[in-house]
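**Student:** Sharing a model prediction with you, sequence too.
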Amino acid sequence: MSKTFTLDDLCTLTDLPKRTVRYYMQMGLVDRPIGETRAAHYLAAHLDQLLKVKQLSDAGISLERIAEIQNGDELPLPRKARKPGDIQVKSHVHVAPGIELQISPEEADMSPDQIRALVKAVMKTIQEIKA
């Protein structure tokens, strides 16, 4: 038989207050308990769901985004915080006199074709504004 947990057990194991656990259930981030009232119990799957939500939430991901991730969206790659001395390569594209487009390929998440299309669109917009 599978191990079952009470709400108190879950709160102790996840270091979350009951109110937060109930809120996560209300939002659909964690499955509802098995059974009702005092007879309600939880399975290892509930514990796993809570730990995952806590991990993502602690990483700064909003509860709405966590719900999207649970519904099949890709998990965002965490960005590393930049520290003094870090080196970052950027592309500088001259689009008009006095105007330069700065692109960080690592962060832009755009293909070379998409970047070319962006540069063309910016150049076209500059020409339209000047006309």
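**Tutor:** Looks like it came in fine. Numbers count the residues shown, from 1 in each chain.
**Student:** residues contacting Lys54?
**Tutor:** Lys54 makes contact with Thr14, Asp15, Leu16, according to C-beta atoms under 8 Å, 6 or more residues apart in numbering. C-beta here means a position set from N, CA and C on the backbone, and glycine is covered the same way.
**Student:** Go through those residues and flag which are in helices.
**Tutor:** Within the contacts of Lys54, residues falling in helices by DSSP state H are Thr14.
**Student:** In TSV, list the contacts of Lys54 along with neighbour count, distance to Ile99 and pLDDT.
**Tutor:** TSV is the format used below for these (neighbours: other C-beta atoms under 10 Å; distance: C-beta to C-beta, whole Å; pLDDT from 0 to 100):
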residue	neighbour count	distance to Ile99	pLDDT
Thr14	18	52	91
Asp15	8	52	92
Leu16	18	50	93
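**Student:** Give the single residue among the contacts of Lys54 positioned nearest to Ser57.
**Tutor:** Taking C-beta to C-beta as the measure, Ser57 lies nearest Leu16 of the contacts of Lys54, at 9.6 Å.
**Student:** the helices in the protein, which residues?
**Tutor:** Going by DSSP H, the chain shows helices at 7-14, 18-27, 44-58, 63-70, 105-108, 112-130.
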